[in-house]
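>>> sequence below, structure please.
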Amino acid sequence: MSALPIEFPLEIPPATHVHPFRLGGVLKLMREVLQSDDQVKAGLEFFDAVGGMGGEVTFERFTKRPEGRRLLITQPDLVTLLGNREALAAMPEGSLGRAYLEFAELNGFAADGLVEKSKNVDRENAVIDPYREWFWDRFTMAHDLWHVLTGCDTSPEGEVRLLAFLYAQSPQRGYLMLLLLGTFGSLTPFDQHAIRWRSYRAGKRAFDLVAVPWENYLAWPLEEVRRSYNVEVIGQ
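Numbers count the residues shown, from 1 in each chain. Below is the predicted model:
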């Protein structure tokens, strides 16, 4: 099969709306994000409530990258790939795929767990075209891969550090609001603030991860993937 050319036609529908800021929803969800037993769901709902067009900017950046457009054409199923635990277990020790499997098993995560939670959130203006739907499923799925790459665990502090890294990569209003909520919603030592600032700077220094063809790198040594994209370990 011949490789796709650098430029090829792809008709992507324009964005149809500006995501609104819902003050009532934001105020209601602030406490839930900090105190809810299901902080993932509360965080997704909070992200939706703060609105903004940052997500569309991220999608457009993805479509402007040749590798992003190739992925939109081929639409590989990253969720199914990461859900194949036998295949991941057969990958070399120290590979990204094996590290992801160990992360998922340690935390009791299903490969499609985060994607399913995001689909179950009662989002405003949730009807989107197939291209954006595929992209956001993939982007959501990559969250756990970013945990593995950065070494951030799933503790509240680990999630805040990863948020700082992600905000540097994709400056969306939702990331910023969640980051501020996680930073100032509890008493936090000064040195933790310094670490979060370093996490943000690490996200700035890393290469853009939005269009990474993760499928190609699962069998690669984790350290080699980190070096290839200039990703620093910022976890605890």
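
>>> how about the closest residue to residue 91 other than its chain neighbours, what does it touch?
Using Cβ to Cβ, 6 or more residues apart in numbering and skipping the chain neighbours, the partner closest in space to residue 91 is residue 97 (4.0 Å). All C-beta atoms are positioned from the backbone trio N, CA, C, and that covers glycine. For residue 97, the contact set (Cβ atoms under 8 Å, 6 or more residues apart in numbering) comprises 87-88, 91, 218-219.

>>> same thing but at 7 Å, please
Counting by Cβ atoms under 7 Å, 6 or more residues apart in numbering, residue 97 touches 88, 91, 218-219.

>>> ditto for residue 72
Applying Cβ under 7 Å, 6+ apart, we find residue 72 in contact with 10, 63, 131.

>>> next one: residue 215
Residue 215 neighbours (Cβ under 7 Å, 6+ apart): 76, 78, 81.

>>> please apply the same query to residue 13.
Here residue 13 is in contact with residue 129 (Cβ under 7 Å, 6+ apart).

>>> could you redo the last one with a cut-off of 8 Å?
129, 131.

>>> what distance do you get for it to residue 70?
19 Å (Cβ to Cβ, to the nearest Å).

>>> mind listing the helices for the chain?
23-35, 39-50, 54-64, 66-74, 78-83, 85-89, 96-107, 113-120, 130-150, 156-169, 173-184, 190-205, 222-229 (DSSP state H).

>>> and the shortest one, what does it pack against?
Applying 3 or more Cβ pairs under 8 Å, 6 or more residues apart in numbering; DSSP states H and E, one finds that helix 85-89 contacts helix 96-107.

>>> report the angle between the helix it packs on and helix 130-150.
Angle, helix 96-107 to helix 130-150, by axes from the mean of the first three to the mean of the last three Cα atoms, to 10 degrees: 80 degrees.

>>> could you dump helix 96-107 to CSV, C-alpha only?
Taking Å, rounded to 0.1, in the frame of the first residue of the first chain, the C-alpha atoms of helix 96-107 are listed here in CSV:
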residue,chain,number,x,y,z
LEU,A,96,5.3,1.9,26.1
GLY,A,97,2.6,-0.7,25.5
ARG,A,98,3.8,-2.8,28.5
ALA,A,99,4.1,0.3,30.7
TYR,A,100,0.5,1.3,29.7
LEU,A,101,-0.7,-2.3,30.6
GLU,A,102,1.0,-2.1,34.0
PHE,A,103,-0.6,1.3,34.6
ALA,A,104,-4.0,0.1,33.7
GLU,A,105,-3.8,-3.0,35.8
LEU,A,106,-2.4,-1.1,38.8
ASN,A,107,-5.3,1.3,38.7
